[in-house]
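Q: okay, predicted coordinates and the sequence, questions at the end:
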Amino acid sequence: MRTTSFLVGRHTLIDAGTGVGDLSVAELSQIDRVFLTHSHLDHIAMLPLLVDTVGAMRDKPLDVYASRATLDILSAHVFNWRVWPDFREIPNKAAPFLRFVQFEQGETVMPEPGLCVTALPALHTVPAVGYQLDSGKHSLVFTGDTTINDAFWPVINAVENLKTLIIETAFCNRERALAEASRHLCPAMLATELAKLNRPAEIFITHLKPGEIELTMQEIGEDAASFRPKMLKNGQMLDF
Ligand SMILES: Nc1ncnc2c1ncn2[C@@H]1O[C@@H]2COP(=O)(O)O[C@H]2[C@H]1O
């Protein structure tokens, strides 16, 4: 079972779910920054292990970009010396292994040449964002974990170089009540959302709950057929 994490080039990670475990230590040590969508475990699980593994191999901190709300949750509940040491003070506060960078919805940063990252609106049970990754040539947009969200689509529809949309669909239609309670999407809700997209994009589905994957993809094929959504696979490479 692998949870959300995307490696962008060699130095940037989007979320730090258990998918990070597929990388070698050499690859892990090259990660300079992680952009978090939100604080849920399936998106941050590997962050504490990552910084402990690579900290002493690196000559600069690992930067964690996230909203103030998400960073505060990590401070209070993860890097609190009880669940995990506070690597913002290790080996010392002047030259730590870990650094928090506040990055709010609507902000854009260019963390490395050829990559602009913008935080996008998302609606989930905890403060959350999606991300636009713009190479200059094309943009890839990742919704993060979200439910029906009218604020998201005008932003996406303004992305002139949009090539790829990765959108979540956590549950099958039978679980619609759970999708609504946990602020996710099911195929019928996905169809409602995609109807708000007014520019062409290749569409990949992520965050399918294990045990419901085949049924959910079948329902997506029925409910959102005209968008030809494909399932995002573990280890899949996307160019943008
Ligand atoms: N009532 C609930 N509210 C929120 N999450 C729930 C609830 N019941 C079960 N869950 C599960 O808890 C998970 C927490 O992470 P996710 O938001 O990815 O998906 C959520 C659901 O799969």
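A: Thanks, I have the structure now.

Q: dump the residue contacts of the closest residue to the ligand within the chain.
A: Nearest residue of the chain to the ligand, counting by CB to the nearest ligand atom: residue 182, 3.4 Å away. Just so you know, the C-beta spots here come from the backbone N, C-alpha and C atoms, and that holds for glycine as well. Residue 182 makes contact with 125, 170, according to CB atoms under 8 Å, 6 or more residues apart in numbering.

Q: show me how the protein divides into domains.
A: Annotated domains of the chain cover 1-103, 105-232 [automatic domain parsing].

Q: what's the distance between the last one and the middle of its chain?
A: Same thing as domain 105-232. 10 Å (CA atoms, centre = their mean, to the nearest Å).

Q: just give the number of residues close to the residue lying closest to residue 138 once chain neighbours are set aside.
A: Among residues not flanking residue 138 along the chain, residue 163 sits closest, at 3.8 Å (CB to CB, 6 or more residues apart in numbering). When neighbours are defined as other CB atoms under 10 Å, residue 163 has 17 of them.

Q: distance of the residue nearest to residue 43 when sequence neighbours are not counted from residue 181?
A: Of all residues beyond its chain neighbours, the one nearest residue 43 is residue 15 (4.4 Å), with distances taken as CB to CB, 6+ apart. According to CB to CB, to the nearest Å, residue 15 stands 22 Å off from residue 181.

Q: which SS class is the closest residue in space to residue 23 that isn't next to it in sequence?
A: Spatial nearest neighbour of residue 23, chain neighbours left out: residue 7 (7.0 Å); criterion: CB to CB, 6+ apart. Per DSSP: H, G, I helix; E, B strand; the rest coil, the secondary structure class of residue 7 is strand.

Q: so what's residue 7 bridging to?
A: Applying DSSP bridges to residue 7 gives these bridge partners: residue 13.

Q: so what's the residue count around it?
A: Residue 7: 18 surrounding residues under other CB under 10 Å.

Q: and it, what's its pLDDT?
A: Looking at residue 7, its pLDDT is 98.

Q: again, but for residue 115
A: For residue 115, the pLDDT comes out at 98.

Q: right, and the residue nearest to residue 43 touches residue 2 too?
A: No - Residue 15 is beyond contact range of residue 2, at 11.5 Å (criterion: CB atoms under 8 Å).

Q: so where's the protein uncertain?
A: Nowhere does the chain drop to pLDDT under 70.

Q: for it, which segments count as helices?
A: Listed in chain order, the helices of the chain (DSSP state H) span 25-29, 41-44, 47-54, 68-77, 152-157, 176-181, 187-194, 213-223.

Q: will you turn those into CSV that also has mean neighbour count?
A: Output for the helices of the chain, formatted as CSV (neighbours: other CB atoms under 10 Å):
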stretch, mean neighbour count
helix 25-29, 14
helix 41-44, 20
helix 47-54, 19
helix 68-77, 17
helix 152-157, 17
helix 176-181, 15
helix 187-194, 20
helix 213-223, 17
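
Q: just the strands in the protein please.
A: 6-8, 12-14, 33-35, 62-66, 98-102, 108-112, 115-121, 129-134, 139-142, 162-168, 202-206, 230-231 (DSSP state E).

Q: would you convert the ones you listed into CSV that also reports distance to residue 237?
A: Formatted as CSV, the strands of the chain follow (distance: least, CB to CB, whole Å):
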stretch, distance to residue 237
strand 6-8, 10
strand 12-14, 14
strand 33-35, 19
strand 62-66, 23
strand 98-102, 27
strand 108-112, 18
strand 115-121, 16
strand 129-134, 14
strand 139-142, 12
strand 162-168, 12
strand 202-206, 12
strand 230-231, 14
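
Q: can you redo those as JSON lines with distance to the ligand?
A: Below are those laid out as JSON lines (distance: least, CB to the nearest ligand atom, whole Å):
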{"stretch": "strand 6-8", "distance to the ligand": "16"}
{"stretch": "strand 12-14", "distance to the ligand": "16"}
{"stretch": "strand 33-35", "distance to the ligand": "18"}
{"stretch": "strand 62-66", "distance to the ligand": "16"}
{"stretch": "strand 98-102", "distance to the ligand": "22"}
{"stretch": "strand 108-112", "distance to the ligand": "26"}
{"stretch": "strand 115-121", "distance to the ligand": "17"}
{"stretch": "strand 129-134", "distance to the ligand": "14"}
{"stretch": "strand 139-142", "distance to the ligand": "15"}
{"stretch": "strand 162-168", "distance to the ligand": "9"}
{"stretch": "strand 202-206", "distance to the ligand": "11"}
{"stretch": "strand 230-231", "distance to the ligand": "17"}
